[in-house]
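**Student:** all I have is the shape, not the residue letters:
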């Protein structure tokens, strides 16, 4: 993986699954993931880590119990550890996530939106 250039647009065009993050790079103990989002996710939290959302395209609302945050292309937001949140995308959103390796996308929740780890783009 050393010296590999990751083209965000090209990689995002290579898959269509929603809510299924793809690991595209690793930095120390962190994974850089690309994901396509559409519709409403599940309410969940990550007790052990913050979660960074960077919107590449579209508009993403991150619902939290004490208020919503709306992100547009080129904006990022860090959900602090332990904060319950629910991402919502009215149309397709393309985003990058940065989080420690092995973090489950649904945090403390389980169900059909829990994605398996996909590092096939490394």
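**Tutor:** Arrived safely. Keep in mind the model is a prediction, meaning the values are calculated, not measured.
**Student:** what's the per-residue pLDDT of the residue nearest to residue 65 when sequence neighbours are not counted here?
**Tutor:** Distances taken as C-beta to C-beta, 6 or more residues apart in numbering place residue 84 nearest to residue 65, at 5.7 Å, with adjacent residues excluded. Every C-beta, even on glycine, is put in place using the N, C-alpha and C of the backbone. What the model reports for residue 84 is a pLDDT of 97.
**Student:** how deep is residue 84 tucked in, by neighbour count?
**Tutor:** 16 (other C-beta atoms under 10 Å).
**Student:** mind listing what it touches?
**Tutor:** Residues in contact with residue 84, defined by C-beta atoms under 8 Å, 6 or more residues apart in numbering, are 43-45, 64-65.
**Student:** between the residues you listed, identify the one with the most neighbours.
**Tutor:** residue 44 (20 neighbours).
**Student:** which residues in this structure form strands?
**Tutor:** 22-27, 30-40, 51-57, 59-64, 69-72, 76-79, 85-100 (DSSP state E).
**Student:** turn the ones you listed into TSV, columns for distance to residue 108.
**Tutor:** TSV is the format used below for the strands of the chain (distance: least, C-beta to C-beta, whole Å):
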stretch	distance to residue 108
strand 22-27	21
strand 30-40	17
strand 51-57	12
strand 59-64	15
strand 69-72	20
strand 76-79	13
strand 85-100	11
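**Student:** nearest to residue 14, of the ones you listed?
**Tutor:** strand 22-27 (8.5 Å; C-beta to C-beta).
**Student:** residue 48 touches residue 81, doesn't it?
**Tutor:** Yes - using C-beta atoms under 8 Å, residue 48 makes contact with residue 81 at a distance of 6.4 Å.
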